[in-house]
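# Sharing a sequence plus its predicted fold:
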Amino acid sequence: MTDAPARRARADKDTVIDLEVSRQRWIGWTIFGIVLGALLVWRLGTVAVWVGFALIAVGLFRGFQLIQSFRHPAGTFVISAKQIQLPNGLHRARAIEVAPTDVTAVYFLRRSVPWSRAAPVLVIELGERALLYPRDWFASEADQRHVVHALLEHCPIVPEQATKSA
């Protein structure tokens, strides 16, 4: 109970965390997919031609993601007592703006993570919708924790009430 004035003072500040993503993987897949796919289509038989077209498609998709990374910033979390802005994904034009009361849960997935994602994955639930933010989108794991702590400070999520109602 003695922590309430300090929590109120911290609640007045905005927390701003920027996402940082490396473009190296997109550059590599773009070059590899298009070049190797073109070689397979040009020089080999029927099965290799289809594999080549698949690699070219993957390379073009990664190239599109690379272009989007230059067009739009990676994304920013802005958390305040009145409004929360969450990135809609990597390099998307618009952020999701919600009230702190719309956030129903914030947690990490450490073990049940798809093989294509880096653990831990930050999960923010907005009612029926869950937003996933993998570790490799942040500069460090500490940035993920800062987002969680800021959301828990500003959002009226009370774990005792959630467990009593279940």
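Received it, and whenever you're ready, just let me know what you need.

# Quick check: next helix or strand after the helix or strand where residue 124 lies?
Assessed by DSSP states H and E, residue 124 sits inside strand 121-126. Next in sequence after strand 121-126, counting helices and strands by DSSP H and E, comes strand 129-134.

# residues of the following helix or strand past that next one that come out buried?
For strand 129-134, the following helix or strand on the C-terminal side (DSSP H and E) is helix 141-154. Within helix 141-154, the residues that count as buried by 16 or more other Cβ atoms under 10 Å are 143, 144, 146, 147, 148, 150, 151, 153, 154. C-betas here are computed from N, CA, C, even on glycine.

# before we move on, back to that, show me what counts as buried in the strand holding residue 124.
121, 122, 124.

# Do you know the pLDDT at the first one?
Confidence per residue is given as pLDDT, and for residue 121 that number is 79.

# Show me what counts as buried in the strand or helix carrying residue 57.
Using DSSP H and E, residue 57 maps to helix 46-71. Using 16+ other Cβ under 10 Å as the test for burial, helix 46-71 gives 52, 55, 56, 58, 59, 62, 63, 65, 66, 69.
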